[in-house]
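K.L.:
turn this into a structure:
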Amino acid sequence: MPTAANEIDLAKIRTEFDRDGYVAVRPLFDAATMAEINRELERYIADIVPKMPDSEVYYEDRNDRSTLKQMQKMSVYDDYFRDLIETDVIHDMAAAVLGEEAVVQNLQYFNKPAGIGQATPPHQDGYYFHLTPCKAVTGWLALEPVDHENGCIHYVRGSHKATGFRPHGRSNVLGFSQGITDFGTDADKANTEAFPGDVGTFLMHDARTVHWAGANRSATRSRRALGFVYFGKSARIDQEAKAAYQAKLDADLRAANKI
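P.N.:
Residues are numbered from 1 along each chain as shown. Take a look at the predicted model:
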């Protein structure tokens with residue numbers, strides 16, 4: 001399995017994460033490793049995606065398979081990606097910043113196709129997770145260069161320290177059904193940090209950290225990445241609330257011919 005390009009100082013990462021609500025490693029994996037991961041992804045798209053439920057594969061245009069936008073639960077369907085999220089250095093980082101055992105939840109694929117990839121609305125992952133306590137993190141691995149043109153991630157520094165969640169409302173963005181409705185305060189603007197990066201750039205953020213990404217304004221470049229979701233061992237899911245949320249989301253996506 002892939003190994004980190006450089007030795008990872010987990011104590012330093014924990015300190016930065018606690019302070020800011022996120023951490024960046026540039027790069028986590030070297031070029032050869034990223035080439036391997038991208039080859040495995042192409043295999044997965046060709047061989048596994050056709051067998052996956054429609055509810056776990058999203059397209060910008062359902063009739064155009066080149067507009068693949070998002071995939072869920074990749075580690076459930078494939079041994080390579082199961083090993084990537086369960087046994088790799090990313091899992092160790094998640095446990096370090098959570099301060100407890102990291103329980104694998106989801107390995108996702110995110111893309112903003114060239115020219116049509118929509119902006120990701122400002123949101124907090126924990127709003128979707130329905131956890132008590134909200135002990136969870138998301139990792140994000142750039143599969144290709146990312147910048148302001150094709151939609152790099154922005155974090156609001158220190159936003160993970162607030163009590164509760166910001167108000168969210170329907171966003172109509174595929175894969176991100178809810179967005180923060182009061183985003184854009186002076187504090188948001190003053191504390192926002194953008195994260196462009198090369199292939200292999202890795203980010204990890206707290207489930208309460210406010211983050212967003214711009215649209216893909218490039219006519220030729222996509223913006224592909226993998227997402228790694230872990231819950232802390234102490235976190236408990238409100239299954240009833242989560243099931244109701246997912247059922248409504250699936251119904252809305254089918255009505256819009258997105259799944």
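K.L.:
residue 2 contacts residue 29, doesn't it?
P.N.:
Yes: applying CB atoms under 8 Å, one finds residue 2 in contact with residue 29, separated by 5.5 Å. Any C-beta I mention is one placed from the backbone N, CA and C, and that applies to glycine too.
K.L.:
which residues sit against the host helix or strand of residue 24?
P.N.:
Using DSSP states H and E, residue 24 maps to strand 22-25. Strand 22-25 is contacted from outside by 4, 8, 13, 16-17, 93, 97, 155, 157, 195, 197, 201-206, 209, 211, using CB atoms under 8 Å, 6 or more residues apart in numbering.
K.L.:
only the buried subset of those residues, as a PyMOL command please.
P.N.:
Here is the PyMOL command that selects the buried residues among the contacts of strand 22-25 (16 or more other CB atoms under 10 Å):
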select buried, resi 4+8+13+17+93+97+155+157+195+197+201+202+203+204+205+206+209+211
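K.L.:
rewinding a little: quick one, which of residue 2 and residue 29 is more surrounded?
P.N.:
Using other CB atoms under 10 Å as the criterion, residue 2 and residue 29 rank with residue 29 on top: 25 against 20.
K.L.:
mind checking how far the nearest residue to that one once chain neighbours are set aside is from residue 12?
P.N.:
Excluding the flanking residues, the one nearest residue 29 by CB to CB, 6 or more residues apart in numbering is residue 200, at 4.5 Å. According to CB to CB, to the nearest Å, residue 200 and residue 12 sit 19 Å apart.
K.L.:
quick one: which of these two has more around it?
P.N.:
Remark: of residue 200 and residue 12, residue 200 carries more neighbours, 23 against 11, as counted by other CB under 10 Å.
K.L.:
which ones are touching the more buried one?
P.N.:
Applying CB under 8 Å, 6+ apart, we find residue 200 in contact with 5, 26, 27, 28, 29, 30, 31, 33, 34, 141, 142.
K.L.:
who are the contact partners of residue 231?
P.N.:
With CB under 8 Å, 6+ apart, residue 231 has these contacts: 102, 103, 105, 129, 131, 135, 136, 237.
K.L.:
for PyMOL, what selects the buried ones among these?
P.N.:
Filtering the contacts of residue 231 down to the buried ones (16+ other CB under 10 Å) takes a single PyMOL command:
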select buried, resi 102+103+105+129+131+135+136
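K.L.:
relative to residue 181, which of the contacts of residue 231 is nearest.
P.N.:
When these are ranked by distance to residue 181 (CB to CB), residue 129 comes first, at 18.8 Å.
K.L.:
the closest one touches residue 135, doesn't it?
P.N.:
No: counting by CB under 8 Å, residue 129 stays clear of residue 135, with 9.7 Å between them.
K.L.:
what touches both of these two?
P.N.:
Both residue 129 and residue 135 are contacted by 207, 231, 235, under the criterion CB under 8 Å, 6+ apart.
K.L.:
is the second one in a bridge, and if so with what?
P.N.:
It stands for residue 231. residue 103, residue 136 (DSSP bridges).
K.L.:
now it: how far from residue 85?
P.N.:
Applying CB to CB to residue 231 and residue 85 gives a distance of 12 Å.
K.L.:
equivalent analysis for the last one, please.
P.N.:
Distance, residue 235 to residue 85, using CB to CB: 17 Å.
K.L.:
residue 97 now?
P.N.:
15 Å.
K.L.:
where does residue 90 land in three-state SS?
P.N.:
Judged by DSSP: H, G, I helix; E, B strand; the rest coil, the three-state class of residue 90 is helix.
K.L.:
what residues are up against it?
P.N.:
28, 84, 139, 141, 202, 204, 228.
K.L.:
what's the neighbour count on residue 83?
P.N.:
Neighbours of residue 83 (other CB under 10 Å): 13.
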